[in-house]
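[1] Here is the input, now give the coordinates:
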Amino acid sequence: MEYNSDIKGIDFSPEINMARYMQKIRTYPILSQEEEYRLAVKYKETKEQEIAKILVNSHLRLVVKVVAKYRGYGLSVAEMISEGNIGLLYAVEKFEPEKGFRFSTYALWWIKASVQKYILNSWSLVKIGTTAAQKKLFFNLRKIKNKLNLNDDRELTPEVLNRIAGSLDVSVQEVKDMNTRLKAHDGSLNTLIDSGGDSGSEWMDFIADSKPNQEDVLAYSETMKYRKTLFSKALVVLNKREKDILFKRRLNEKAVTLDDLSKYYGISKERVRQIELNSIKKIKKAVELEI
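    Residues are numbered from 1 along each chain as shown. Next up, the predicted model:
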């Protein structure tokens with residue numbers, strides 16, 4: 001959905017803008033149920049962007065409220081708000097006011113879905129939460145542990161594991177695996193490991209580049225060029241039939257069968273095989289002489 005709203009006029013990425021953003025969204029009035037219904041009906045009929053803008057702006061504070069519940073995942077609050085706002089846009093587009101629900105109730109699902117999707121995609125390089133049960137476990141395990149005052153990294157007891165698994169309707173093993181993942185969050189390659197001096201070293205500095213350097217690439221290129229030259233010179237020792245059989249048997253992307261070549265040349269399959277092997281021996285001998 002495309003439309004010009006004040007949402008797009010604010011940079012959500014730099015944290016320094018958050019105070020200004022929060023101050024701005026407080027200036028938008030909260031709609032009454034009647035105003036909300038009237039605007040939603042009119043937008044569904046006309047698709048006027050100014051109406052959508054009013055509906056969105058009046059619920060920006062709802063997005064912030066939702067995002068506040070996900071601050072513990074170590075991700076940018078500004079980015080999560082941005083993702084939540086995208087969910088709000090979808091809610092405006094898909095809302096059906098005649099069903100009798102408040103827009104905020106409907107929008108809440110879209111906002112949470114967008115924020116959760118962003119968290120799952122950003123929290124770890126390894127994909128997690130691929131099923132509904134795993135997503136439920138990911139977003140509720142920390143909450144349950146907090147209620148049980150299990151805020152450290154110690155292993156969960158069998159009793160606690162069974163209790164959590166039962167409450168979330170997942171297996172004990174799934175709880176153990178997710179708890180391990182949550183404790184071992186992906187580290188950043190830009191993390192400092194030596195803070196001495198003006199600029200410490202990062203993990204990135206100690207990762208070897210597996211790609212060949214320029215010298216290796218050049219050497220390989222020269223070697224391949226040299227080998228091709230030798231091979232081209234060596235081919236002159238073969239007659240036309242030997243060269244044809246060698247190329248069709250060894251140098252084609254899909255080798256021609258002995259049976260097909262024997263029929264083509266009117267000789268036995270064993271004779272074709274002999275010509276192929278003899279051609280290789282001639283090529284090797286010619287190359288050795290060139291070297």
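[2] residues near Tyr43, how many?
    Tyr43 is surrounded by 21 other residues when neighbours are defined as other Cβ atoms under 10 Å. Every residue, glycine included, has its C-beta placed from N, CA and C.
[3] What values do phi and psi take at it?
    phi -70, psi -40 (degrees, to the nearest 10).
[4] list the contacts for it?
    Counting by Cβ atoms under 8 Å, 6 or more residues apart in numbering, Tyr43 touches Ile51, Ala52, Leu55, Val92.
[5] Out of these, grab the one that's most surrounded.
    Val92 (25 neighbours).
[6] Run through who's touching the helix or strand containing it.
    For Val92, the host element (DSSP states H and E) is helix 77-94. Outside of helix 77-94, the residues that reach it under the criterion Cβ under 8 Å, 6+ apart are 1, 7, 12-15, 17-18, 21, 43, 52, 55-56, 59-60, 62-64, 66-67, 70-71, 103, 106-107, 109-115, 117-119, 122.
[7] Out of the residues you listed, name the ones that lie in strands.
    Here DSSP state E is the test, and those give no hits in strands at all.
[8] In TSV: the contacts of Tyr43, plus distance to Leu75 and pLDDT.
    Written out in TSV, the entries for the contacts of Tyr43 read as follows (distance: Cβ to Cβ, whole Å; pLDDT from 0 to 100):
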residue	distance to Leu75	pLDDT
Ile51	32	92
Ala52	28	91
Leu55	27	93
Val92	25	93
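[9] Which members of those residues are the farthest-apart pair?
    The most widely separated members of these, counting by Cβ to Cβ, are Ile51 and Val92 (9.0 Å).
[10] Can you show me the CA trace of stretch 279-291 as PDB?
    What follows is the C-alpha trace of stretch 279-291 in PDB, where atoms were taken according to Å, rounded to 0.1, in the frame of the first residue of the first chain:
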ATOM      1  CA  SER A 279      45.300 -40.900 -28.100                       C
ATOM      2  CA  ILE A 280      45.700 -40.000 -24.400                       C
ATOM      3  CA  LYS A 281      49.200 -41.600 -24.400                       C
ATOM      4  CA  LYS A 282      50.200 -39.700 -27.500                       C
ATOM      5  CA  ILE A 283      49.000 -36.400 -25.900                       C
ATOM      6  CA  LYS A 284      51.000 -37.100 -22.700                       C
ATOM      7  CA  LYS A 285      54.200 -38.000 -24.600                       C
ATOM      8  CA  ALA A 286      53.900 -34.800 -26.700                       C
ATOM      9  CA  VAL A 287      53.400 -32.600 -23.600                       C
ATOM     10  CA  GLU A 288      56.400 -34.200 -21.900                       C
ATOM     11  CA  LEU A 289      58.500 -33.400 -24.900                       C
ATOM     12  CA  GLU A 290      57.400 -29.700 -24.800                       C
ATOM     13  CA  ILE A 291      58.200 -29.400 -21.100                       C
END
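[11] Name the residues of it that are buried.
    Neighbour counts using 16 or more other Cβ atoms under 10 Å place Ser279, Lys282, Ile283, Ala286 of stretch 279-291 among the buried residues.
[12] can you list contacts of stretch 267-284?
    Applying Cβ under 8 Å, 6+ apart, the set of residues contacting stretch 267-284 is 231, 234-235, 237-238, 241-243, 245-246, 249-250, 258-259, 261-262, 265.
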